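>>> Provided below are the primary sequence and the corresponding predicted coordinates.
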Amino acid sequence: MQMGNRNSARAGTADSPLRLLLLFLLVLLSPGAAWAQAIAVLPVNIRLDSGQSATALTIFNKADAATSYQVRGFSWSQPGGSDQTDPTDGLMISPPLGTIAPNATQVVRLVLRKPAESQEESYRVFVDQIPPPAASGTVRIALRMSIPVFAEPATHVAPHVRWHVERGAQDSVLVAVNDGSCHETIHKLSLTMPDGTPVKIENHASPYILRGATRQWHILLPGSPAPGTLLHLSVEGDADSDSVDEQIPLGGNS
């Protein structure tokens, strides 16, 4: 699956009081905001355009009491198809710690130490709500929100995802290999037999296939289809150019 240029980011700058008020109202009404008890974070997905070294996220405290937070940046990869985050000094956070007054906001700046070169760079920003000390006999749970951050290089980048089905002795898997130069986002995924019978696909928490990553979905094939059987794959991505509608053959036993 070949896509168009992904170098289309949004700048992140400190907001005016009026804009912050509008954003806060949007948070209250938006199901797409990341929620943790009394705090919310916007945006929930950050893209840094080519040449853009800084952006910002806003933490909203909608409670009647002050709340403390911590923000940390990590590099993000998917070895073996699983999300992995590692400490990095490539993404600076300011301020990394703080306390937000009741019904107030805090703007946190994210700054890249160096720009992406020939391929997209992926990060995760963890926003942790730090609970106050628990009263005797009670337990307070520290909640975390994870925000994806994608930094684009100056060169043209696009995902290139190849799909196939592998059949094993015990189970079968739908495999996606992204050998492109940036991530792909999967919003909807379906697989059907030649007669239209749907193939059950396991749910995945993460919709992302990072550059260079291979992701797998365990599938349950109805009956015992022969190797070479053509399955219909339908994938919806971020845009029309990200969509897939094709036939893929069922592989033999591995």
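In hand now; what should we look at? What you see is a predicted model; the values in this text were computed from it and never measured. Numbering: from 1, shown residues only.
>>> Could I get the average pLDDT for stretch 86-95?
Stretch 86-95 carries an average pLDDT of 97.
>>> Also stretch 196-216?
The model assigns stretch 196-216 a mean pLDDT of 92.
>>> Ok, stretch 228-246 next?
Stretch 228-246 comes out at a mean pLDDT of 86.
>>> which one is residue 230 nearest to, not counting chain neighbours?
Counting by Cβ to Cβ, 6 or more residues apart in numbering, residue 247 is the residue found nearest to residue 230 once chain neighbours are left out, at 4.4 Å. Where you see a C-beta, it was placed from the backbone N, CA and C, and this is true even at glycine.
>>> how deep is the one you found tucked in, by neighbour count?
10 (other Cβ atoms under 10 Å).
>>> For it, what is the enclosing helix or strand?
Assigned by DSSP states H and E, residue 247 belongs to strand 244-253.
>>> strand partners of that strand, parallel vs antiparallel please.
strand 161-167 (parallel), strand 230-236 (antiparallel) (DSSP bridges).
>>> Nearest to residue 41, out of the ones you listed?
Closest approach to residue 41 among these is made by strand 230-236 (25.6 Å; Cβ to Cβ).
>>> what sits up against that closest one?
With contact meaning Cβ atoms under 8 Å, 6 or more residues apart in numbering, strand 230-236 is reached by 1, 163, 165, 174, 186-194, 199, 242-250.
>>> Restricted to buried residues, select these in ChimeraX.
The following ChimeraX line selects those of the contacts of strand 230-236 that are buried, judged by 16 or more other Cβ atoms under 10 Å:
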select :1,163,165,174,186,189,191,193,199,242,244,248,250
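>>> for the residue nearest the centre of the chain, what are its contacts?
Closest to where the C-alpha atoms of the chain average out (Cα atoms, centre = their mean) is residue 148, at 4.9 Å. Shown in contact with residue 148 (Cβ under 8 Å, 6+ apart): 45, 46, 76, 122, 123, 124, 208.
>>> and it, what helix or strand is that in?
Using DSSP H and E, residue 148 falls in strand 143-151.
>>> If you rank every helix and strand of the chain by mean pLDDT, what lands last?
strand 34-36 (a mean of 45; mean pLDDT, DSSP states H and E).
>>> Neighbouring strands of whatever helix or strand comes next after it in the sheet, and parallel or not?
Counting by DSSP H and E, the next helix or strand C-terminal to strand 34-36 is strand 39-42. Partners of strand 39-42 in the sheet, by DSSP bridges, are strand 34-36 (antiparallel), strand 54-61 (antiparallel).
>>> Which of those has the highest mean neighbour count?
strand 54-61 (a mean of 21; mean count of other Cβ atoms under 10 Å).
>>> ok and the following helix or strand past it relative to strand 143-151, angle-wise?
Where DSSP H and E defines the elements, the next helix or strand beyond strand 54-61 is strand 67-77. Angle, strand 67-77 to strand 143-151, by axes from the mean of the first three to the mean of the last three Cα atoms, to 10 degrees: 40 degrees.
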